[in-house]
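S.K.: Predicted structure and sequence below. I'll ask about it afterward.
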Amino acid sequence: MEITTENLSELNTVAFQILKKADKRKIILFKGVMGAGKTTLIKEICYQLGVEENVSSPTFAIINAYQGSEGEVFHFDAYRIESEEEAFDIGVEEYLFSGNWCLIEWPEKIKSFFPMSSDVLEVEIELEMDKRTYKFD
């Protein structure tokens, strides 16, 4: 599926469609250049999952945990992870296999930890001027 938006007011539709497409796949990988809008989209997804607290980028914490209406939601920002060993020490595997939602920015940094591709939904965000295109299947 591909959705192109021109303003933030359309983000709720994108988030809804991603969650609908994810279905039982609770690991969602967000790919895109710096500034593409990964964190902003994840905030909207968190709100749709029932998170009531302020959702912010976990750039320095690496993982933020939130309580959603159906369980915990983990928001990863793997940008600063330097090695697989560091990811292992943080406990990435435990989060990924917890059965809770895992929303991951910069997934290429920890790709060896992901389960089979059929259990994961990838979202690619392309930025062109004021338009963003979201691709996922």
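M.R.: Alright, I've got the coordinates. Computed from a predicted structure; not experimentally measured. Numbers count the residues shown, from 1 in each chain.
S.K.: Mind jotting down where the strands sit in this structure?
M.R.: 2-5, 27-31, 63-68, 71-77, 101-105, 120-128, 131-136 (DSSP state E).
S.K.: Is the residue nearest in space to the middle of the chain bridged to anything, and to what?
M.R.: With distances taken as C-alpha atoms, centre = their mean, the residue of the chain nearest its centroid is residue 103 (2.8 Å). Beta bridges link residue 103 to residue 28, residue 75, judged by DSSP bridges.
S.K.: sorry, back to before: quick one: the strands of the chain as CSV, columns for mean pLDDT and distance to residue 20 too.
M.R.: In short, each C-beta sits where N, CA and C put it, glycine included. Shown next, in CSV, are those (pLDDT from 0 to 100; distance: least, C-beta to C-beta, whole Å):
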stretch, mean pLDDT, distance to residue 20
strand 2-5, 95, 12
strand 27-31, 96, 12
strand 63-68, 97, 16
strand 71-77, 97, 17
strand 101-105, 97, 14
strand 120-128, 93, 11
strand 131-136, 95, 10
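S.K.: Now the closest residue to residue 7 other than its chain neighbours: phi and psi?
M.R.: Excluding its sequence neighbours, the residue lying closest to residue 7 (C-beta to C-beta, 6 or more residues apart in numbering) is residue 130, at 7.7 Å. When read as degrees, to the nearest 10, the backbone of residue 130 gives phi -90, psi 10.
S.K.: Thought residue 5 was touching residue 130, still the case?
M.R.: No: taking contacts as C-beta atoms under 8 Å, residue 130 lies outside contact range of residue 5: 9.3 Å.
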